[in-house]
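1. next input, structure requested:
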Amino acid sequence: MHSVERTPIFEYLSVEEEGLRLVGTRMKSYNAGMPTDNAPGFRVEDGWFFVPHDVALPALSLVVSPEASQAILLGNDRVELGQYPSGTTVDIYLATRPVVWLRLRRVLS
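-> Next up, the predicted model:
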């Protein structure tokens with residue numbers, strides 16, 4: 001959720017051998033700190049603005065904000081970041097873990 005516009009934003013990441021890659025941003029508005037319509041590949045799809053990216057990210061850190069309605073979507077699973085206290089840092093990175101470990105830690109259902 002954009003903190004000023006109060007509109008949804010989706011960041012799309014791919015999982016690659018060397019880490020994460022930001023591949024695109026989809027948003028309902030593009031004001032206040034968002035990519036603009038002069039970005040290469042910018043397009044409008046079904047009322048959403050889309051900006052493609054190609055940025056390698058060894059890790060991604062997010063700070064939980066109650067105003068942002070943040071969640072991580074992975075396949076059919078959704079992890080609501082609002083379950084953590086405001087100001088909590090959530091680090092996203094690749095690590096090999098057995099599926100049972102993820103379920104025991106309640107990362108996946």
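2. on the three-state scheme, Val100 is what?
-> Secondary structure, DSSP: H, G, I helix; E, B strand; the rest coil: Val100 is helix.
3. flag every buried residue along the lowest-mean-pLDDT helix or strand in the chain.
-> Ranked by mean pLDDT, DSSP states H and E, the weakest helix or strand in the chain is helix 99-104, scoring a mean of 83. The neighbour-count check on helix 99-104 (16 or more other Cβ atoms under 10 Å) flags nothing as buried. The C-beta positions use only the backbone N, C-alpha and C, and glycine is treated the same way.
4. before we move on, what about stretch 52-69?
-> 53, 64, 68.
5. so who does the first one touch?
-> Looking back up the chat, that one is His53. Taking Cβ atoms under 8 Å, 6 or more residues apart in numbering, we find His53 in contact with 22-25.
6. now it: closest residue in space, sequence neighbours ignored.
-> The shortest distance from His53 to any non-neighbouring residue, by Cβ to Cβ, 6 or more residues apart in numbering, is to Leu22 (4.6 Å).
7. so that neighbour bridges to which residues?
-> For Leu22, the beta-bridge partners under DSSP bridges are Leu13, Val55.
8. residues contacting it?
-> 11-13, 53-55, 57.
9. quick check, nearest of these to Leu102?
-> Leu13 (17.4 Å; Cβ to Cβ).
10. can I get the buried residues of stretch 52-69 in CSV with pLDDT, distance to Val90 and secondary structure?
-> As requested, the buried residues of stretch 52-69 are arranged in CSV below (pLDDT from 0 to 100; distance: Cβ to Cβ, whole Å; DSSP: H, G, I helix; E, B strand; the rest coil):
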residue, pLDDT, distance to Val90, secondary structure
His53, 90, 20, strand
Val64, 91, 6, coil
Ala68, 77, 12, coil
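11. as a markdown table, those residues with distance to Ser86 would be great.
-> Below are the buried residues of stretch 52-69 laid out as a markdown table (distance: Cβ to Cβ, whole Å):
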| residue | distance to Ser86 |
| --- | --- |
| His53 | 28 |
| Val64 | 6 |
| Ala68 | 10 |
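12. and the contacts of Leu22 as CSV, adding distance to Leu102?
-> Formatted as CSV, the contacts of Leu22 follow (distance: Cβ to Cβ, whole Å):
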residue, distance to Leu102
Glu11, 21
Tyr12, 21
Leu13, 17
His53, 27
Asp54, 28
Val55, 26
Leu57, 21
